[in-house]
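Visitor: with the input below, show me the fold.
(one chain, ligands or ions: 1)
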Amino acid sequence: MSTLPQPLSTDRSELLRRLAEPVQYDIAIVGGGATGLGVALDAAVRGLRVVLIDSHDFAEGTSSRSTKLVHGGVRYLAQGNIALVREALHERTLLLQNAPYLAQPLPFVMPTYHWWEKPFYGAGLKMYDLLAGRAGLGSTQLLSREQTLEQLPTLLSLGLKGGVKYWDGQFNDARLALVLARTAALQGALLVNYCRATELAYENSKVAGLVCEDQLTGQTLHVRARCVVNATGVWVDELRQKDGAAVPGRSDGVTPAIVAPSQGVHMVVNREFLDSNVALMVPKTADGRVLFAVPWLGKVILGTTDTPRHDLAREPLPFAEEIDFILRESARYLRRAPLRSDVKSVWVGLRPLVKTTKDEGNNTKALSREHTILVSRSGLVTVTGGKWTTYRAMAEDVLAKCAQVNLIPASRSGVTKNLCLMGVGEPPALIRPIFEAPGWHSYGLEQDFIRSLPGATDEMCPGLTEGMVRFAARYEYAVTAEDVLARRARLLFLDARLASDLAASVGKILQEETGYDPQIDDFKILADQYLLKYDKNL
Ligand SMILES: Cc1cc2nc3c(=O)[nH]c(=O)nc-3n(C[C@H](O)[C@H](O)[C@H](O)COP(=O)(O)OP(=O)(O)OC[C@H]3O[C@@H](n4cnc5c(N)ncnc54)[C@H](O)[C@@H]3O)c2cc1C
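Guide: Reported below is the predicted structural model:
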């Protein structure tokens with residue numbers, strides 16, 4: 001029988017009251033995506049006094065918009081980046097082990113159309129198996145034409161020679177982020193969303209804290225901390241440049257940007273288009289890109305793109321060319337070509353790729369996908385880049401760097417390697433596939449607790465009950481309809497029309513629970529964007 005901790009209340013007035021207390025934190029983290037949350041959890045487990053703030057909701061940036069793969073990175077293997085692949089494969093195992101209800105193994109099939117592709121890709125993927133060693137999830141298999149069609153029944157058979165099957169993992173990114181936040185809170189960290197870091201505070205030219213602003217009331221708060229970590233993803237340059245202006249690191253006083261954002265678009269269609277629990281992976285499309293069709297939470301994700309961008313929009317729009325690329329390439333592989341009218345949701349994420357100072361970032365495929373940690377003259381620690389899969393290892397690297405420059409005491413690493421996250425229980429239990437549409441399985445063992453809340457089983461739509469919305473408001477930091485429908489229930493990503501239709505009823509419950517404006521109209525506008533309704537020409 002697994003034991004489970006009682007969920008902690010995320011009542012906002014209490015969180016803000018604590019944030020306003022004159023506490024000297026060991027570490028203050030700006031940014032509540034995969035990177036910042038990973039650091040917060042690791043630091044809290046080490047016994048440090050931790051505070052984390054995010055200007056928006058947790059995972060509202062890039063961390064809810066990934067392809068949802070827990071992967072070693074077959075692509076990086078092709079680039080010869082063995083160390084990166086080995087580390088990611090190791091981290092893949094830990095993630096699947098520590099959050100089994102949010103992450104699971106996933107088989108992929110790469111169809112082949114030329115005689116040389118099967119031995120070529122087969123050899124590469126056998127190497128992937130070798131690098132994984134005991135962390136392997138299944139052996140790479142060479143498939144005949146018939147076997148390939150058995151695995152992917154909706155694959156077009158014209159010209160098909162066979163396929164290669166290999167294993168990686170997939171996960172529910174935004175829910176994992178929330179579970180990291182809640183696990184860190186359970187370890188004593190204070191985490192507050194909708195609280196923006198507006199300025200850094202200094203003592204003797206060293207960073208000594210933050211000035212932040214509650215985005216819902218406009219209240220200004222001061223946070224004192226020995227170490228400040230800037231984990232703001234594609235937005236890291238904003239704080240870096242403020243810091244550079246306050247304590248110049250270079251004689252010309254200029255702090256060059258390090259992030260070259262690259263946009264990735266995903267599109268969601270109904271499960272029938274793939275009709276399999278096996279993902280399709282095309283390593284080289286007609287124009288040399290990668291295409292995935294991945295079963296996820298009862299639907300199929302198609303994507304992605306890698307397009308340089310020069311702005312840092314919170315809700316970037318897809319380019320018409322990106323939509324055409326995904327639909328056109330999907331039609332080359334799937335028996336039923338998805339049309340624009342089949343699309344249930346389109347979302348866009350920005351990759352925080354790190355450039356060298358001379359690089360203007362126009363060729364994003366060549367930029368580093370590893371993470372970068374920098375310490376400024378004032379002691380501001382900036383971390384960006386990397387990927388979701390390696391969030392835990394990144395957190396260890398960040399804390400090692402902070403200790404190396406004497407911002408925090410040195411301590412043993414590896415403390416989160418076997419740390420089960422909220423909803424898992426001790427010993428770990430409940431392994432459930434996330435191929436199914438969202439529902440009780442999304443909560444792991446906490447579903448029993450949710451069943452005790454008012455309206456626990458009153459369904460608002462299949463898989464979302466009134467009790468789940470109350471749980472989101474009371475224990476998962478949710479304030480707005482978007483918080484619930486985009487990142488807790490995932491409906492905005494799966495079916496934006498349905499999400500829009502539910503906004504008013506979800507908002508009503510949230511307002512009852514929190515007293516804050518659930519911002520229903522804003523959410524409906526956003527849902528229209530995810531349905532590509534803003535531009536008839538797209
Ligand atoms: C299209 C795409 C597909 C991907 N697919 C995968 C995948 O399948 N598997 C994988 O492992 N990785 C994948 N990645 C990579 C992964 O998603 C990212 O590396 C990761 O999410 C980055 O997390 P982050 O915390 O650094 O950034 P973010 O998630 O963007 O978090 C930064 C946070 O900082 C906050 N912030 C910004 N400014 C301030 C401020 N002044 N004050 C307070 N808060 C602030 C933001 O609101 C935001 O929440 C993908 C990335 C993209 C773009």
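Visitor: any idea which helix or strand comes after the helix with the most length in the chain?
Guide: Longest helix in the chain, counting residues (DSSP state H): helix 496-514. Counting by DSSP states H and E, the next helix or strand C-terminal to helix 496-514 is helix 520-530.
Visitor: and that next one, what does it pack against?
Guide: strand 345-354, helix 481-482, helix 491-494, helix 496-514 (3 or more C-beta pairs under 8 Å, 6 or more residues apart in numbering; DSSP states H and E). Placement of C-beta: from N, CA and C, glycine included.
Visitor: comparing those, which comes out most buried?
Guide: Ranked by mean neighbour count under mean count of other C-beta atoms under 10 Å, the helices and strands packed on helix 520-530 are led by helix 481-482, which reaches a mean of 29.
Visitor: tell me the gap between that one and the middle of its chain.
Guide: 18 Å (C-alpha atoms, centre = their mean, to the nearest Å).
Visitor: stretch 224-231 - what's its average pLDDT?
Guide: Mean pLDDT, computed over stretch 224-231, is 98.
Visitor: centre of the chain to that stretch, how far?
Guide: The mean C-alpha position of stretch 224-231 is separated from the chain mean by 22 Å, C-alpha atoms, centre = their mean.
Visitor: quick check: buried residues in it?
Guide: Residues of stretch 224-231 classed as buried by neighbour count (16 or more other C-beta atoms under 10 Å): 225-231.
Visitor: any chance you could list what contacts that stretch?
Guide: 22-31, 33, 35-36, 39, 51, 200-201, 207-210, 236, 239-240, 379-384, 398, 402, 407-408 (C-beta atoms under 8 Å, 6 or more residues apart in numbering).
Visitor: ChimeraX command for the buried members of the residues you listed?
Guide: The ChimeraX command for the buried members of the contacts of stretch 224-231 (criterion: 16+ other C-beta under 10 Å) is given here:
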select :25,26,27,28,29,30,31,33,35,36,39,51,200,201,207,208,209,210,236,239,240,379,380,381,382,383,384,398,402,407,408
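Visitor: any chance of the helices and strands packed on helix 520-530 in TSV with distance to residue 425 and mean pLDDT as columns?
Guide: Below are the helices and strands packed on helix 520-530 laid out as TSV (distance: least, C-beta to C-beta, whole Å; pLDDT from 0 to 100):
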stretch	distance to residue 425	mean pLDDT
strand 345-354	31	94
helix 481-482	30	98
helix 491-494	26	98
helix 496-514	26	98
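Visitor: what's the closest non-adjacent residue to residue 105?
Guide: Excluding the flanking residues, the one nearest residue 105 by C-beta to C-beta, 6 or more residues apart in numbering is residue 137, at 4.3 Å.
Visitor: just the pLDDT for that neighbour.
Guide: Value listed for residue 137 in the pLDDT field: 92.
Visitor: that one contacts residue 168, doesn't it?
Guide: Yes: with contact defined as C-beta atoms under 8 Å, residue 137 counts as touching residue 168 (7.2 Å).
Visitor: give me the common contacts of these two.
Guide: 92, 105.
Visitor: which of these two has more neighbours?
Guide: When neighbours are counted by other C-beta atoms under 10 Å, residue 137 and residue 168 differ, and residue 168 comes out ahead with 25 against 20.
Visitor: which of the buried residues of stretch 224-231 are close to the ligand?
Guide: Applying C-beta under 6 Å from any ligand atom to these, one finds that residue 231 fall near the ligand.
Visitor: taking the buried residues of stretch 224-231 together, which two end up most distant?
Guide: Maximum pairwise distance among the buried residues of stretch 224-231 (C-beta to C-beta): 16.5 Å, between 226 and 231.
Visitor: show me which residues of the stretch 1-150 of the chain sit near the ligand.
Guide: 30-36, 53-56, 59-63, 65-69, 71.
Visitor: any buried residues in the helix or strand containing residue 295, and which?
Guide: Taking DSSP H and E as the criterion, residue 295 maps to strand 291-296. Of all the residues in strand 291-296, those buried under the rule 16+ other C-beta under 10 Å are 291-296.
Visitor: which positions in stretch 462-481 come out as buried?
Guide: Those would be 463-481, for stretch 462-481 by 16+ other C-beta under 10 Å.
Visitor: filter those residues down to the ones in helices?
Guide: 466-475, 481.
Visitor: which one of those residues is nearest residue 191?
Guide: Using C-beta to C-beta, those come closest to residue 191 at residue 475, 12.5 Å.
Visitor: help me confirm that residue 256 is found in a strand?
Guide: No: Residue 256: not assigned to a strand; according to DSSP: H, G, I helix; E, B strand; the rest coil it is coil.
Visitor: what's the separation between it and the ligand?
Guide: 19 Å (C-beta to the nearest ligand atom, to the nearest Å).
Visitor: which phi and psi does that residue have?
Guide: The phi and psi torsions at residue 256 (degrees, to the nearest 10) take the values phi -70, psi 140.
Visitor: for it, grab the count of nearby residues.
Guide: Neighbours of residue 256 using other C-beta under 10 Å come to 14.
Visitor: likewise for residue 252?
Guide: Residue 252 has 7 nearby residues by other C-beta under 10 Å.
Visitor: partners of whichever strand or helix holds residue 143 in the sheet?
Guide: Element membership for residue 143, per DSSP H and E: strand 141-144. When pairing is defined by DSSP bridges, strand 141-144 lines up against strand 162-171 (antiparallel).
Visitor: give me the angle between the strand it pairs with and strand 291-296.
Guide: Angle, strand 162-171 to strand 291-296, by axes from the mean of the first three to the mean of the last three C-alpha atoms, to 10 degrees: 50 degrees.
Visitor: now the strands for the stretch 1-150 of the chain?
Guide: 24-30, 50-53, 69-70, 103-112, 141-144 (DSSP state E, counting those that start in this stretch).
Visitor: could I get the ones in helices among the buried residues of stretch 462-481 as TSV with distance to the ligand?
Guide: Shown next, in TSV, are those (distance: C-beta to the nearest ligand atom, whole Å):
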residue	distance to the ligand
466	28
467	27
468	23
469	22
470	24
471	22
472	17
473	20
474	22
475	20
481	18
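Visitor: output the helix or strand bottoming out on mean pLDDT in the chain as CSV, nothing but the C-alphas.
Guide: Least confident element among the helices and strands of the chain, by mean pLDDT, DSSP states H and E: helix 74-78 (a mean of 79). Output of helix 74-78 as CSV, limited to C-alpha atoms (Å, rounded to 0.1, in the frame of the first residue of the first chain):
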residue,chain,number,x,y,z
VAL,A,74,18.1,10.4,-31.8
ARG,A,75,18.9,13.6,-33.8
TYR,A,76,21.8,14.6,-31.5
LEU,A,77,23.2,11.1,-32.1
ALA,A,78,23.3,11.8,-35.8
